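In: just coords:
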């Protein structure tokens, strides 16, 4: 992810979202960073293609 933003960030958890397999999904958790940093990353990644599929990214604040 360092390729897409200047601030170094670390992913703490990846949770795969089950479905019928046609649109696989995952929820990724990050800690210790400003929401603005994740928002910039989301905007940068949204619409890019990975393994022949278009990415849909959204940054939302988590609740503990």
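Out: Yes, it's here. Computed from a prediction, not measured in an experiment: that's the story for all the values here.
In: pLDDT below threshold where in the protein?
Out: Flagging of the chain using pLDDT under 70 yields the residue ranges 1-6, 32-33, 62-64.
In: rerun that using 50 as the cut-off
Out: Applying pLDDT under 50 to the chain flags residues 64.
In: hey, where'd the strands end up in it?
Out: Applying DSSP state E to the chain gives strands spanning 11-17, 25-30, 49-50, 53-54.
In: so of those, which one's packed in deepest?
Out: Counting by mean count of other Cβ atoms under 10 Å, strand 25-30 has the highest mean neighbour count of the strands of the chain, with a mean of 12. Yep, even glycine has a C-beta here, placed from its N, CA and C like the rest.
In: Who are the packing partners of that one?
Out: Applying 3 or more Cβ pairs under 8 Å, 6 or more residues apart in numbering; DSSP states H and E, we find strand 25-30 packed against strand 11-17.
In: okay, the angle between the strand it packs on and strand 25-30?
Out: Interaxial angle, strand 11-17 versus strand 25-30 (axes from the mean of the first three to the mean of the last three Cα atoms, to 10 degrees): 160 degrees.
In: let's have the chain start at 24 instead
Out: Renumbered: residue one is now 24, and that last one reads strand 34-40.
In: tell me how far strand 34-40 is from the chain's mean position?
Out: Mean-position distance between strand 34-40 and its chain equals 9 Å (Cα atoms, centre = their mean, to the nearest Å).
In: I'd like to know which of the strands of the chain is closest to residue 64.
Out: strand 48-53 (8.8 Å; Cβ to Cβ).
In: just to revisit the earlier point, out of the strands of the chain, which comes closest to residue 84?
Out: Smallest distance to residue 84 across the strands of the chain (Cβ to Cβ): 10.9 Å, for strand 48-53.
In: Walk me through which strands that closest one pairs with, and which way each runs.
Out: strand 34-40 (antiparallel) (DSSP bridges).
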